[in-house]
Every structure is written in structure tokens, then in C-alpha cells.
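>>> Below: sequence and its predicted model.
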Amino acid sequence: MIDIKFLRENPEVVKENIRKKFQEEKLSLVDEVIGLDAENRRAKQEGDDLRSRRNKISKEIGALMAQGKKEEAEEKKTEVATGAKRLAELEALETELQEKITKIMMVIPNIIDPSVPIGKDDSENVEIQKYGEPTVPDFEIPYHADILNSINGLDKEAAGRTSGNGFYYLLGDAARIHSAMISYARDFMIDKGFTYCIPPFMIRSSVVNGVMSFAEMEAMMYKIEGEDLYLIGTSEHSMIGKFKGELVPENQLPVTMTSYSPCFRKEVGSHGIEERGVYRVHQFEKQEMVVLCKPEESMDWYNKMWTYTVDFFRSLDIPVRTLECCSGDLADLKVKSCDVEAWSPRQKKFFEVGSCSTLGDAQARRLGIRTKGENGTYYVHTLNNTVLASPRGLIAFLENNVQADGSINIPKALRPYMGGKEKVFPKNGNV
């Protein structure tokens, strides 16, 4: 959510930003909120004038009563009563107008960074750089579900019976590799100086509304029936929500945290849930990083954070690339975002395994997260980035480490989490 004062003073900038995000249907909201804001400020000014007048008259009444001028004092009391009635009307009007303003401001997109490429959707995202050599071996890479089945590591049929489509059981070595990757991602970020955290896996609607747009919420979040609780779609939601309403001392910035959680998503949309594999599912696990910092430091942290994800995947012998998200692919709260994509030797293309975003002060403004320093009180900036989301990370690992004989290499970085194993072998002799 952008600052109403900024919108009031820069309506054309806000409108141009809306155009860059190809959301022309929202252009009229700018003029609408400016009109409501002007009406609200007039009501507030009239209310302030009435309160000032009431205080002045109250003193006059006291003086008149002391002078024995009871009749004149009663006239003043009538004036106070009339003012009180009008003041009540104004206060109700202010509440109504503020609710309308907030509702509109929540859907006007955040101002994107000037460096963001302009494009309508993810097909116009821009490759930044590749890391590692994306090679295709001289043998056919099996589908990831087949690799998992070769080590007796996947059971979607049983999960379908217990939970429905979009769920899965990971078993044996597959489950162990999955957990090893999560544990390694945790320690990887701790070694970067981040504080490890396990957050609540459910959050209230006030937090949901603070960390994401309404459209995202409807497409992603599972609501707990009969309670004001939602299952988290990513631990970023809980981690940012941790600071809701707080005044964080400036000398404690930046706050750098890495969190583990299961994640739950409806995955509503045309892409659907994957029938056979585990690329798109309702439940997965994730190691996340979250930063709260001063505004002038946010872009430096943004560039550090996506680099950490690149380094993590490269340490597992997985080639990756970074992709700059274009304006039309940015969620409304985001200022700038890039995806980290892993190489798929089977598909001979890259696919998304992580996303890094800076949201400016949008989440902090919604949740009331501020800091105080020499220059006064101001909203912090918030950033988030995926270290590892599995099973997508597991898919990238399997495809890039499976061998012609069906065995799976375990990179050195992961061996301590696998009991020293250097390879995992298929149970039936082949994939």
C-alpha cells in the first residue's frame, strides 16, 4: 500500500505505474480516492474546528457562571450541544470515508522500481545471468516421478486416498534426500548470519491482509472453517506478521531471519495440479529468508538475497539462472522481483525454484511496522526470498544428479545430512 500523501501529490505518477502494470481498470481509482481523501480531510478539519470551539465555549461558560450570567451560560451550553451533534456526525463520516479510502488503497499497486522491465506477463520476463553449465547428458533423463519410483520413494495413490489430488507420500531415501536438503538450506543460511526460526503455520486475517493482495489471498490461502485463521502459503507471512504493530529500534536493523515451514496452497488457476509428479502440489516444505531494513539498504539486501539462493543450488551441482520479473508479472505489493530457475536436463529448459522480492514499505505500512532513529519515525522495508522450496528443489536435484545406471549422486555438501552416503541406488536395478 502506497502513502496516501504520495498519491495525493503525485497522481499522474501513480496512474503511469498502473499503466506499466497493465491494470488500466484501476486508473479511475486514483481520482476516486483523491476525492474521498479531500472529503475526509474537510470533515476532519471541521471536526477539529468544532472541538476547538467547544473548548473555548466551555471556558466561557465557566466564566459566565462565575459572573452569575446564567442565561447567557445556558445559551452557550445549547451551542455546545448543537456542536456535539454535528461532531458525532462528522466522526461517523470520517470512519466511513477512511474505510473506503483504505479499501481502494489496498488494491492500487505499489510503485515499481525504475529498473523493472515493462511487460504484460511472465512470458516477457528477462534473463539476467546463468550460473553453471546447463548440460544434457548422453542418456535419457527419466521423469522425476519415475526416478522417485525407482527408489520406492513416491506414493501418490495412497495420498489420493487419504487427502485427494495434489498430495503425496515421500518414502525412504527420497524422504531422506528431501529432509537433508531442507536441513542443509537451514544451516546454509545460519552460516550467512541469519537467525533460524520456526513460525506459526496459521495466521489471522489481519496478517494475511497485511502481507499480500486480495487476489493472491483468494487464489492461494486455505481458511480454517469457523475461525479467523488461515494456513500459511509461505513462512514469509508469519515472519513479517511477527512484527505487526511494533516499533523496531533502528539500531536493531537489519533484522535477518531464515525460517522453516510447511506451506499450503490452493493453486487455483489454469495450470492445475500435476497428476503424476510433484511439481505443483497443495502442500510442500520451504526454507525462507526474510529481511527488515532501512529504506536505503533494501536494494543492497535484495541483491544479496537472490545471490544466496544461486550459491545454494550451485553447491548441489545444479545449474541455475536468474530471471528479472517484468512489471505485469509483479504482485501488487512488490517493488522488484526476480526468480531463480534451475536447469532441467530432461526438459532442456529452466524452471522456477525460488523467488526474491523487495516490497518497499508496503507490507510495513499495512501492518504498522516502524522504526525510530535520529530522523524520526518511519516504516521499515521488507524483503523475502526462497532458499529452497521442496519438492521443486528435489526435482532439480534428482534430474541433475541421476546417472545412466539409475543411481543418484549425493554432492559433498549434502553427504553429512545423508549419513555419509555418496550415492543412492534404485531398488529394482534400473529407473
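Structure received. None of the values given here were measured: they were computed from a predicted structure. Residues are numbered from 1 along each chain as shown.
>>> Quick check: residue 305 touching residue 356?
Yes. Between residue 305 and residue 356 there is a contact at 5.1 Å, judged by Cβ atoms under 8 Å. Yep, even glycine has a C-beta here, placed from its N, CA and C like the rest.
>>> Between these two, which contacts overlap?
Contact criterion Cβ atoms under 8 Å, 6 or more residues apart in numbering; residues shared by residue 305 and residue 356: 383, 385.
>>> residues contacting residue 46?
Contacts of residue 46 by Cβ under 8 Å, 6+ apart are 86, 90.
>>> Now with 6 Å, please.
Under the criterion of Cβ atoms under 6 Å, 6 or more residues apart in numbering, the contact list for residue 46 reads residue 90.
>>> May I ask you to confirm that it belongs to a helix?
Yes. The assignment for residue 46 by DSSP: H, G, I helix; E, B strand; the rest coil puts it in a helix.
>>> any chance you could map the helices in the stretch 151-300 of the chain?
Taking DSSP state H, counting those that start in this stretch as the criterion, the stretch 151-300 of the chain contains helices spanning 156-162, 172-190, 205-211, 214-220, 235-241, 298-314.
>>> Point out the most buried one among the ones you listed.
Using mean count of other Cβ atoms under 10 Å, the stretch among these with the largest mean neighbour count is helix 235-241, at a mean of 26.
>>> Give me the residues contacting that one.
With contacts defined as Cβ under 6 Å, 6+ apart, helix 235-241 is touched by 199-200, 203, 207, 211, 232, 257, 259, 261, 288, 290, 363, 382, 384.
>>> who wins for proximity to residue 424 among the helices of the stretch 151-300 of the chain?
Across the helices of the stretch 151-300 of the chain, residue 424 has its closest neighbour in helix 172-190 (4.6 Å, Cβ to Cβ).
>>> Closest one of the contacts of helix 235-241 to residue 309?
Of all the contacts of helix 235-241, residue 309 sits closest to residue 288, with 10.6 Å by Cβ to Cβ.
>>> mind checking how far that closest one is from residue 46?
Noted for residue 288: a distance of 48 Å to residue 46, by Cβ to Cβ, to the nearest Å.
>>> go on, residue 370?
29 Å.
>>> same question, residue 14
Distance from residue 14 to residue 46, by Cβ to Cβ: 27 Å.
>>> Check residue 205 too.
34 Å.
>>> All the strands of the stretch 251-400 of the chain, in order from the start?
255-264, 283-293, 320-324, 336-344, 349-358, 370-373, 376-379, 381-390 (DSSP state E, counting those that start in this stretch).
>>> and stretch 160-180, how far from the chain's centre?
From the chain centre to the centre of stretch 160-180 is a distance of 26 Å (Cα atoms, centre = their mean, to the nearest Å).
>>> for stretch 370-379, same thing?
23 Å.
>>> repeat for stretch 25-45
For stretch 25-45, the distance to the chain centre is 28 Å (Cα atoms, centre = their mean).
>>> Stretch 98-110 now?
Centroid displacement of stretch 98-110 relative to its chain, using Cα atoms, centre = their mean, is 18 Å.
>>> Quick one: mean pLDDT for it?
Across stretch 98-110, pLDDT averages out at 94.
>>> Distance of the closest residue in space to residue 44 that isn't next to it in sequence relative to residue 361?
Spatial nearest neighbour of residue 44, chain neighbours left out: residue 94 (6.0 Å); criterion: Cβ to Cβ, 6 or more residues apart in numbering. Distance of residue 94 to residue 361, computed by Cβ to Cβ: 24 Å.
>>> What count of nearby residues applies to residue 28?
Residue 28 is flanked by 11 other residues according to other Cβ atoms under 10 Å.
>>> Residue 363: neighbour count?
Neighbours around residue 363, by other Cβ under 10 Å: 28.
>>> okay, the helix or strand of the chain with the lowest mean pLDDT in PDB with CA atoms only?
Ranking every helix and strand in the chain by mean pLDDT, DSSP states H and E puts helix 214-220 at the bottom, with a mean of 73. Extracted as PDB, the C-alpha positions of helix 214-220 are listed here (Å, rounded to 0.1, in the frame of the first residue of the first chain):
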ATOM      1  CA  PHE A 214      -6.700  -9.800  -2.000                       C
ATOM      2  CA  ALA A 215      -6.300 -11.500  -5.400                       C
ATOM      3  CA  GLU A 216      -3.300 -13.500  -4.200                       C
ATOM      4  CA  MET A 217      -5.200 -14.500  -1.000                       C
ATOM      5  CA  GLU A 218      -8.200 -15.800  -2.800                       C
ATOM      6  CA  ALA A 219      -6.000 -17.900  -5.200                       C
ATOM      7  CA  MET A 220      -3.700 -19.200  -2.500                       C
END
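>>> which residues are in contact with it?
Counting by Cβ under 6 Å, 6+ apart, 208, 233, 265-266, 268, 331 sit against helix 214-220.
>>> Serialize the residues you listed to a markdown table and add fields for distance to residue 79.
Formatted as a markdown table, the contacts of helix 214-220 follow (distance: Cβ to Cβ, whole Å):
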| residue | distance to residue 79 |
| --- | --- |
| 208 | 47 |
| 233 | 56 |
| 265 | 60 |
| 266 | 59 |
| 268 | 59 |
| 331 | 53 |
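>>> Lovely, talk soon.
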